[in-house]
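> Take a look and give me a structure for this.
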Amino acid sequence: MMQNEGENFEDEDEEEEPIFVLTDEWRDFFAKSEAKRRQAKKHAKKKGKGKITNGNTPALED
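I've put the predicted structure just below:
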């Protein structure tokens, strides 16, 4: 009977969702990354090419 109680307790632990905390450093990193992505998209749109890159490499022109 004690064995069954122990098994139920283990099942409850396995069902818990992990908790993630966003630190200030990561929030700043993601904010800068998003700003860089938007700037690259805006620049590509301004150029009139409409080609979207990953922000690290220029779009290849045909």
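
> Buried residues in the top helix by length along the chain, which are they?
If you go by DSSP state H, the chain has its longest helix at helix 24-47. Buried residues in helix 24-47, defined by neighbour count with 16 or more other C-beta atoms under 10 Å: 40, 44. For glycine as for every other residue, the C-beta is placed from the backbone atoms N, C-alpha and C.

> Could I have the CA atoms of stretch 22-36 written out in CSV?
This file holds the C-alpha atoms of stretch 22-36, laid out as CSV (Å, rounded to 0.1, in the frame of the first residue of the first chain):
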residue,chain,number,x,y,z
LEU,A,22,13.2,36.0,-18.2
THR,A,23,16.2,37.9,-16.8
ASP,A,24,17.0,41.5,-17.6
GLU,A,25,20.0,40.4,-19.7
TRP,A,26,17.9,38.1,-21.9
ARG,A,27,15.2,40.8,-22.2
ASP,A,28,17.8,43.3,-23.5
PHE,A,29,19.2,40.7,-25.8
PHE,A,30,15.8,39.9,-27.3
ALA,A,31,14.9,43.6,-27.6
LYS,A,32,18.1,44.4,-29.5
SER,A,33,17.7,41.4,-31.7
GLU,A,34,14.1,42.4,-32.6
ALA,A,35,15.1,46.0,-33.2
LYS,A,36,17.9,44.8,-35.6
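
> Give me the mean pLDDT for it.
Stretch 22-36 shows a mean pLDDT of 97.

> could you measure F30 against P18, distance?
In this view, F30 and P18 are 19 Å apart by C-beta to C-beta, to the nearest Å.

> Over to A31?
Counting by C-beta to C-beta, the gap from A31 to P18 is 24 Å.

> ditto for K36
For K36, the distance to P18 equals 29 Å [C-beta to C-beta].
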